[in-house]
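1. Quick one: sequence plus predicted model below, questions after.
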Amino acid sequence: MTSLKSRILTLAVWLARVILAGVFIYAGYIKVREPWQLFAAAIAGYELVPMWAGEIIAKVFPWVEIAMGVALLIGWRLLPVASILTALVMLFFNVMLWRAYMQGKQIECGCFGPGEELNWVTLLRDGALLAIALLVVWQALSSPRKRSTA
Amino acid sequence: MENMRSLALLLAALLPAIAAAPPDVDKGKALGNPSAPIVLELYSDYMCPHCKHLHENILPAIILDFVNSGKAYLVFREYPLAIPQHVYSRPASYFATAAARIGKYQPVADALFKNQTSWSMTGKLWDFIAPVLTPAEQKKVQALANDPGVMAEVQRDYDSAQRARLNQTPTMLITYKGKQTPWIYWDDYNLFKSYVNDLLKK
C-alpha cells in the first residue's frame, strides 16, 4: 500500500516537473520568437525597474527560462538547483503579479508573449505553477536523503 | 497542375490584401500611404487623459518618423469606452467622425483633446468644436453627427476593438505582414520606435 502511494507520488512529481519544464520552455520560446521590445514594454508596465534594466531583462530572461526548463527536464544533478531557481522565479512572479493587481494596474502580464492581460486568471495560474514548483523542490531535496538512508 | 495554378492565382490575389490597408478605412481619418508596409491603427477615446497625452506629445513623432517617411499608414479609430465616467466620449466620436466626412478630422480632434478637461466636465463639446470650423462647416458637421452612417462607423470601430480584445486606450494596433500586435506602452516612445523599426527589418 505504502509502495503504491509512493509510486503515485513519484509519478505526480515527475508529471509536475514535466509540466513546469514545458511551461518555462514555452514561455521562453514565445518571448524569443517575438521582438524583445514587446516583453520590455510588459516589464515596464510593472514600474519596478528602470527602462535600461528592463531592456536587458527582456533580452536575457527568455533564454534563462528556456535553460531552466531544459534543466528541469533533464533532471539528474541539475534538478535541485533548477527546481529551487524555478520556485524562486515563480515566487517572484507571484509577488509582482499580486502587487500590480492590488495597485489596480491595467497592464499586460508579459508571461506568455504580448496581448495577455493581467487578471485573476493569471493570478490563479501562476499560483498553481508556484505550488507545482514547490512540489518539485520538495521532491528534489528529499530524494537524495531517501537514497542515502536506504 | 490546374489546381496548383488556381492556388497560385488565389495566393497572388490575396497578397496585396495582406500588405495593404484594412478595407474599412475612413480616408478622412487616415494619414500616409495606404500601401505602406505597416498599418498603425490608433484606438482612442476623447475623454481618456492618456489619449490626450499621446495625441499631443507622441503622435507628432510617430507621424514624422513613420508616416511622412512612407513606412506606415496611420488610421485613427474610435474607441469610446463604455464606462459611466466617459459619458461624452461617444458624442465626441460622432463629431470627430462627422468632421472627417468634410476633411476636418484633424482640427476637430486637436480641439477635442486640447480642451478635454473643460468639456469633460460640462459636456459642452460644441463650444470647442465650432471655433475650428466655418459656419457652413458647422452646419454640415452638426447634421452629420446625427447621421446613421456616421454612428455606424463609430460602432464599427468600437466592434473591431472588441474583436481585437483591446481593453484600454490608447492602443495602437500594429499590422505587419498580416500579423496584428497591440501596443499599449507609451511612457517611452523610443521603445515603440525601436520595435517598429525592427519589424521593418524583418
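-> In hand now; what should we look at? Numbers count the residues shown, from 1 in each chain, chains lettered A, B, ... in the order given.
2. quick one: buried residues of the lengthiest helix in chain A?
-> If you go by DSSP state H, chain A has its longest helix at helix A:2-33. For helix A:2-33, the neighbour count (16 or more other C-beta atoms under 10 Å in any protein chain shown) marks A:13, A:16-17, A:20-21, A:23-25, A:27-31 as buried. (C-beta placed from N, C-alpha, C; glycine too.)
3. again, but for stretch B:105-124
-> B:Tyr105, B:Gln106, B:Val108, B:Ala109, B:Ala111, B:Leu112, B:Phe113, B:Asn115, B:Gln116, B:Trp119, B:Ser120.
4. Turn the residues you listed into a markdown table, including distance to B:Arg90 and secondary structure.
-> As requested, the buried residues of stretch B:105-124 are exported to a markdown table (distance: C-beta to C-beta, whole Å; DSSP: H, G, I helix; E, B strand; the rest coil):
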| residue | distance to B:Arg90 | secondary structure |
| --- | --- | --- |
| B:Tyr105 | 17 | helix |
| B:Gln106 | 20 | helix |
| B:Val108 | 15 | helix |
| B:Ala109 | 15 | helix |
| B:Ala111 | 17 | helix |
| B:Leu112 | 12 | helix |
| B:Phe113 | 16 | helix |
| B:Asn115 | 17 | coil |
| B:Gln116 | 15 | helix |
| B:Trp119 | 13 | helix |
| B:Ser120 | 13 | helix |
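5. For these, could you give me JSON lines that also reports distance to chain A and pLDDT?
-> Formatted as JSON lines, the buried residues of stretch B:105-124 follow (distance: C-beta to the nearest C-beta, whole Å; pLDDT from 0 to 100):
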{"residue": "B:Tyr105", "distance to chain A": "28", "pLDDT": "97"}
{"residue": "B:Gln106", "distance to chain A": "28", "pLDDT": "96"}
{"residue": "B:Val108", "distance to chain A": "28", "pLDDT": "97"}
{"residue": "B:Ala109", "distance to chain A": "24", "pLDDT": "97"}
{"residue": "B:Ala111", "distance to chain A": "28", "pLDDT": "97"}
{"residue": "B:Leu112", "distance to chain A": "23", "pLDDT": "97"}
{"residue": "B:Phe113", "distance to chain A": "21", "pLDDT": "97"}
{"residue": "B:Asn115", "distance to chain A": "26", "pLDDT": "97"}
{"residue": "B:Gln116", "distance to chain A": "20", "pLDDT": "96"}
{"residue": "B:Trp119", "distance to chain A": "24", "pLDDT": "96"}
{"residue": "B:Ser120", "distance to chain A": "20", "pLDDT": "94"}
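6. is any part of stretch A:87-101 close to chain B?
-> No. Counting by C-beta under 8 Å from any C-beta of the partner chain, chain B has no neighbours in stretch A:87-101; the shortest distance is 13.7 Å.
7. Distance from that stretch to the middle of the chain?
-> The chain centre lies 10 Å from the centre of stretch A:87-101; the measure is C-alpha atoms, centre = their mean, to the nearest Å.
8. which outside residues touch it?
-> Applying C-beta atoms under 8 Å, 6 or more residues apart in numbering or on different chains, the contact partners of stretch A:87-101 are A:45-46, A:48, A:68, A:107, A:109, A:111, A:118-120, A:122-123, A:126-127, A:129-130, A:133-134, A:136-137.
9. again, 7 Å this time
-> Residues outside stretch A:87-101 that contact it (C-beta atoms under 7 Å, 6 or more residues apart in numbering or on different chains): A:46, A:48, A:107, A:118, A:122-123, A:126-127, A:129-130, A:133-134, A:137.
10. Near chain B, which residues of chain A are found?
-> A:35, A:37-38, A:40-41, A:44-45, A:51, A:106, A:108, A:114-115, A:117 (C-beta under 7 Å from any C-beta of the partner chain).
11. Buried only: go through those for me.
-> Applying 16+ other C-beta under 10 Å to these flags A:Pro35, A:Gln37, A:Leu38, A:Ala40, A:Ala41, A:Ala44, A:Gly45, A:Glu108, A:Pro114, A:Gly115 as buried.
12. The closest residue to the second one other than its chain neighbours: what's it in contact with?
-> In space, not counting the residues next to it along the chain, A:Gln37 is nearest to B:Tyr195; the distance is 3.6 Å by C-beta to C-beta, 6 or more residues apart in numbering or on different chains. In this structure, B:Tyr195 makes contact with A:Pro35, A:Gln37, A:Leu38, judged by C-beta under 7 Å, 6+ apart.
13. For chain B, state which of those residues is nearest.
-> Each of those was checked against chain B using C-beta to the nearest C-beta; the closest is A:Gln37, at 3.6 Å.
14. Quick one: classify that closest one as helix, strand or coil.
-> At A:Gln37, secondary structure determined by DSSP: H, G, I helix; E, B strand; the rest coil is helix.
15. For it, give me its contacts.
-> Contacts of A:Gln37 (C-beta under 7 Å, 6+ apart): B:Leu191, B:Ser194, B:Tyr195, B:Asp198.
16. With secondary structure and pLDDT as extra columns, can I get those in JSON lines?
-> Output for the contacts of A:Gln37, formatted as JSON lines (DSSP: H, G, I helix; E, B strand; the rest coil; pLDDT from 0 to 100):
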{"residue": "B:Leu191", "secondary structure": "helix", "pLDDT": "95"}
{"residue": "B:Ser194", "secondary structure": "helix", "pLDDT": "96"}
{"residue": "B:Tyr195", "secondary structure": "helix", "pLDDT": "96"}
{"residue": "B:Asp198", "secondary structure": "helix", "pLDDT": "93"}
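17. Fine, thanks again, bye for now.
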